[in-house]
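> attaching a predicted model along with its sequence, questions to come.
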Amino acid sequence: MTLQFTKMHGLGNDYLYVDCSRHINGELPFDPVEVAKRVSPRYTAVGSDGLILICPSDCADFSMRMFNADGSEGAMCGNGIRCVGKFIHDKGLSPKLNLSIETLSGIKRLVLHEGEDGLVDMVTVDMGRAQATELCLNICDRDYCGVSVNMGNPHCVNFIQEPVAEFPLEIVGPAFERHSTWPDGVNAEFVNCVSPGVFDMRVWERGSGETMACGTGACAVAVAARVRGMISPNQTCHIRMKYGELQIKVDEQWNVTMTGPAVTSFEGQINI
């Protein structure tokens, strides 16, 4: 069969998006695990961090299923869900500018912001309440005292002194991902505090390796910064990554709000 897709990205965190909203009861005519593994390789396929499906939902406007490049299914993707909102609006699947999206980590609520062309260019997401604990680990013969954050998926945020651009992420990232503290793997963020409320971040995502951006990871960084007293409740936190930044707020009850761009790269089809 031929699979129609839209390549989209949030700050370079790119996925292939497929409209499955007409598939009743979530019955798909293809195996999303195998498709994700096939389309994701950068040099021998389309190239992406994975595959995201827009599906029907019994409890929200739509549901979202997200598969990493290795085929594993993720509970949530912050950059991905912004692009889901843009996809739904720009493809005419719903006229609403306020959407509810069912994910494996609960229902997320989106506010879509239209650009001058009438298409969505920015999306604000209520990411829900975060949970955080501090911990210390010895990984690759170095002590890391980080903050473990649950954003619906697991993160470990590490504030470091050396520039993140020079950090050996390709070595340390996999060691964090496979650490026994997280039997199902973890997303690991390595962060510089540039100035009050401004942070530079690199991320190693479980199942995908280094990605150019991570929405839930940026939220985790803001939560960790508040745990450490680096930001105040409701302060706008600027999390900078290679292709831009996300604006994150953490309120008094540890509820997290994320605002950032969503971009369509191109449309395509692939035989599967």
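Structure's in. What do you need?
> report the beta-bridge partners for residue 7.
Beta-bridge pairing for residue 7 (DSSP bridges): residue 16, residue 266.
> what about residue 166, distance to residue 202?
For residue 166, the distance to residue 202 (CB to CB, to the nearest Å) stands at 10 Å. Using the backbone N, CA and C atoms, a C-beta is placed for each residue, glycine as well.
> in contact with the closest residue to residue 236 other than its chain neighbours, which residues?
Leaving aside its sequence neighbours, residue 236 sits nearest to residue 247 (CB to CB, 6 or more residues apart in numbering; 5.4 Å). Going by CB atoms under 8 Å, 6 or more residues apart in numbering, residue 247 touches 236-239, 258-260.
> which of the helices or strands spans residue 247?
Using DSSP states H and E, residue 247 sits within strand 244-250.
> partner strands of that strand, with direction?
Paired strands of strand 244-250, with direction, are strand 237-241 (antiparallel), strand 255-261 (antiparallel) (DSSP bridges).
> show me the contact partners of the first one.
When you say that, I think you mean strand 237-241. Residues outside strand 237-241 that contact it (CB under 8 Å, 6+ apart) are 11-12, 194, 197-203, 212-214, 218, 221-222, 225, 231, 245-250.
> among the residues you listed, which are in strands?
Of the positions in the contacts of strand 237-241, 194, 198-203, 245-250 sit in strands, assigned by DSSP state E.
> for these, which one is nearest residue 183?
Residue 183 lies nearest to residue 203 out of these, by CB to CB, at 20.2 Å.
> the closest one reaches residue 215, doesn't it?
No. Counting by CB atoms under 8 Å, residue 203 stays clear of residue 215, with 10.0 Å between them.
> quick one, which of the ones in strands among the contacts of strand 237-241 are buried?
Buried members of the ones in strands among the contacts of strand 237-241, scored by 16 or more other CB atoms under 10 Å, are 199-203, 245-250.
> tabulate those (a markdown table), appending distance to residue 128 and pLDDT.
What follows is these, written out as a markdown table (distance: CB to CB, whole Å; pLDDT from 0 to 100):
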| residue | distance to residue 128 | pLDDT |
| --- | --- | --- |
| 199 | 21 | 98 |
| 200 | 25 | 98 |
| 201 | 20 | 98 |
| 202 | 24 | 98 |
| 203 | 20 | 98 |
| 245 | 21 | 98 |
| 246 | 16 | 98 |
| 247 | 17 | 98 |
| 248 | 13 | 98 |
| 249 | 13 | 98 |
| 250 | 11 | 98 |
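> closest one of the residues you listed to residue 171?
For those, the residue nearest residue 171 by CB to CB is residue 202; the value is 12.7 Å.
> who touches that closest one in this structure?
Contacts of residue 202 (CB under 8 Å, 6+ apart): 164-165, 167, 169, 189-190, 210, 241.
> now, of these, which are buried?
If you count burial by 16+ other CB under 10 Å, the buried members of these come out as 164, 167, 169, 189-190, 241.
> low pLDDT regions in the stretch 51-200 of the chain?
Nowhere does the stretch 51-200 of the chain drop to pLDDT under 70.
> helices of that one, start to end?
Applying DSSP state H, counting those that start in this stretch to the stretch 51-200 of the chain gives helices spanning 78-90, 169-177.
> for these, which one sits closest to residue 42?
Smallest distance to residue 42 across the helices of the stretch 51-200 of the chain (CB to CB): 14.9 Å, for helix 169-177.
> sorry, back to before: I'd like the buried ones among the contacts of residue 202 as a markdown table, with distance to residue 111 appended.
Formatted as a markdown table, those follow (distance: CB to CB, whole Å):
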| residue | distance to residue 111 |
| --- | --- |
| 164 | 30 |
| 167 | 34 |
| 169 | 33 |
| 189 | 25 |
| 190 | 30 |
| 241 | 22 |
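> nearest to residue 80 among those?
Closest approach between the buried ones among the contacts of residue 202 and residue 80, by CB to CB: residue 241, at 14.8 Å.
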